[in-house]
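*Asks:* Have a look at this fold, sequence not included:
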């Protein structure tokens, strides 16, 4: 660790005019970088058409970033007496690192935002705001230079978040892996990379360091395995999900979208999910039907041939499993085969006279059908 910087002298003269101008220029550059990053977010998905080339560029850039963070910038690599050349290399390297951080976070943010389920019944949207915060912070030059880069553990944490998020997106794109496998590989690779970035190789390979790295890797693996429902399967996105009923149209692709239906009109109850993923879908999905929070059925939907961009998966709820008293809130939740939440559609079944159960007089419950599981909207993963 480097020596702590001395506290500022309260009696020191105020900064010169030149320094004040330079500080203002850095803030101007920060705002420019922020607006440029927003442009990267707007065009991020279009760049995935060249995912193989992108992977090579990102691999090289993150290798250089690792070397720079480990051996060039930061207080641990600063000497008391440094020449102009070394200071210049440090300044240029620090600037390049910021560009890598900015574009990486701004590139990843819209991918995770489009894959997340933005609902109060789901928490798999948390990663997108975290990536956005990291992206914005990386554009604030004075904060990034004097606070983030001066604390290697903080720089390493940002590096770890970016690396985990990057691998989780690019492995399905480039290697064609399913999202569950990509999630496990990303979780396994991140702790070792952060450890090598934060400490020397000798410290990491020492018994205490090796044990700490192994336990950190095991802990992160357990965390993502049991909490994978809280991590969106980026870059898989579901722009539309609909629930309908009644006779199926001859050219129907997605069901007619209904938010309310009467209890006497549940024939042909079906759910459709429109999915999009650059490079094609990597795995099938599962529809989980729930009534009042209780799981009624877990169905592997059929892939429907439709025109246009995306793939539609549609399932029909078995009539034999409809509860005797079907009124109340229902949901059709889409999960990947590995158990990651893709999206959820809620709808309400009204009484036979068209009243909501919240408005209608209460009646004794008569049965809950063949519920087979627990039921939160972000509950268990899909069965294999």
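*Replies:* Nice, thanks for sending it over. Keep in mind it's a predicted model, so treat the numbers as computed, not measured.

*Asks:* Now residue 220. Nearest residue, chain neighbours left out?
*Replies:* Of all residues not flanking residue 220 in the chain, residue 187 sits nearest, at 4.7 Å (CB to CB, 6 or more residues apart in numbering). Backbone N, C-alpha and C define where each C-beta goes, glycine included.

*Asks:* what residues are up against that neighbour?
*Replies:* The neighbourhood of residue 187, defined by CB atoms under 8 Å, 6 or more residues apart in numbering, consists of 164, 217, 220, 221, 223, 224, 225.

*Asks:* Where helices are concerned, which of those count?
*Replies:* Among the contacts of residue 187, DSSP state H puts 164, 217, 220, 221, 223, 224, 225 in helices.

*Asks:* how about TSV for the residues you listed, with pLDDT and neighbour count added?
*Replies:* Formatted as TSV, those follow (pLDDT from 0 to 100; neighbours: other CB atoms under 10 Å):
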residue	pLDDT	neighbour count
164	92	22
217	95	17
220	95	19
221	96	16
223	95	13
224	94	20
225	94	15
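
*Asks:* List just the nearest of the residues you listed to residue 289.
*Replies:* Proximity of the ones in helices among the contacts of residue 187 to residue 289 (CB to CB) peaks at residue 225, which lies at 25.1 Å.

*Asks:* doesn't residue 184 make contact with that closest one?
*Replies:* Yes - using CB atoms under 8 Å, residue 225 and residue 184 qualify as a contacting pair, with a distance of 7.2 Å.

*Asks:* Do a quick rundown of the strands in the stretch 201-350 of the chain.
*Replies:* With DSSP state E, counting those that start in this stretch, the ranges of strands along the stretch 201-350 of the chain come out as 237-244, 260-262, 270-276, 285-291, 294-299, 302-304, 311-316, 328-336, 341-350.

*Asks:* Counting by contacts, list what the fifth one packs against.
*Replies:* If I follow you right, that is strand 294-299. Applying 3 or more CB pairs under 8 Å, 6 or more residues apart in numbering; DSSP states H and E, one finds that strand 294-299 contacts strand 285-291.

*Asks:* strand partners of the strand it packs on, parallel vs antiparallel please.
*Replies:* The strands that strand 285-291 pairs with in its sheet are strand 294-299 (antiparallel), strand 328-336 (antiparallel) (by DSSP bridges).

*Asks:* Taking strand 341-350 as reference, get the angle to it.
*Replies:* 30 degrees (axes from the mean of the first three to the mean of the last three CA atoms, to 10 degrees).

*Asks:* Would you mind checking the average pLDDT for strand 285-291?
*Replies:* For strand 285-291, mean pLDDT rounds to 97.

*Asks:* What of stretch 327-343?
*Replies:* Here the average pLDDT along stretch 327-343 is 96.

*Asks:* how about stretch 99-115: buried residues?
*Replies:* 100-115 (16 or more other CB atoms under 10 Å).

*Asks:* again, but for stretch 333-353
*Replies:* Within stretch 333-353, judged by 16+ other CB under 10 Å, the buried ones are 333-345, 347, 349-351.

*Asks:* which residues touch the nearest residue to residue 256 once chain neighbours are set aside?
*Replies:* Ranked by CB to CB, 6+ apart and with sequence neighbours excluded, the top spatial neighbour of residue 256 is residue 244, at 4.3 Å. With contact taken as CB under 8 Å, 6+ apart, residue 244 is in contact with 255, 256, 257, 258, 268, 269, 270, 272.

*Asks:* swap the cut-off to 7 Å and go again
*Replies:* Counting by CB atoms under 7 Å, 6 or more residues apart in numbering, residue 244 touches 255, 256, 257, 258, 270.

*Asks:* wouldn't the fourth one be in contact with residue 265 here?
*Replies:* Read it as residue 258. No - the pair residue 258 / residue 265 is not scored as a contact, 9.4 Å apart, by CB atoms under 7 Å.

*Asks:* Spell out which residues are contacts of both of the two.
*Replies:* Any residue near both residue 258 and residue 265 by CB under 7 Å, 6+ apart counts here, and that gives residue 245.

*Asks:* before we move on, the earlier item: name whatever forms a beta bridge with the residue nearest to residue 256.
*Replies:* residue 270.

*Asks:* hang on, residue 345 packs against residue 329?
*Replies:* No - the criterion here is CB under 7 Å, and residue 345 misses it with residue 329 at 11.4 Å.

*Asks:* circling back: return the member of the buried residues of stretch 99-115 nearest to residue 147.
*Replies:* Distances from residue 147 to the buried residues of stretch 99-115, taken by CB to CB, are shortest for residue 101, at 13.5 Å.

*Asks:* domain assignment for this protein?
*Replies:* Domains of the chain are assigned by automatic domain parsing as 17-230, 237-350.

*Asks:* would JSON lines of those with distance to residue 358 be doable?
*Replies:* Shown next, in JSON lines, are those (distance: least, CB to CB, whole Å):
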{"stretch": "domain 17-230", "distance to residue 358": "18"}
{"stretch": "domain 237-350", "distance to residue 358": "9"}
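
*Asks:* Deepest-packed of the ones you listed, please.
*Replies:* domain 237-350 (a mean of 18; mean count of other CB atoms under 10 Å).

*Asks:* related to what we said a few turns ago, residue 124: which of the strands paired with strand 285-291 is closest?
*Replies:* strand 328-336 (10.9 Å).

*Asks:* got the contact list for the closest one?
*Replies:* Applying CB under 7 Å, 6+ apart, the set of residues contacting strand 328-336 from outside is 179, 233, 238, 241, 243, 271, 273, 283, 285-292, 341-349, 357, 377, 381-382.
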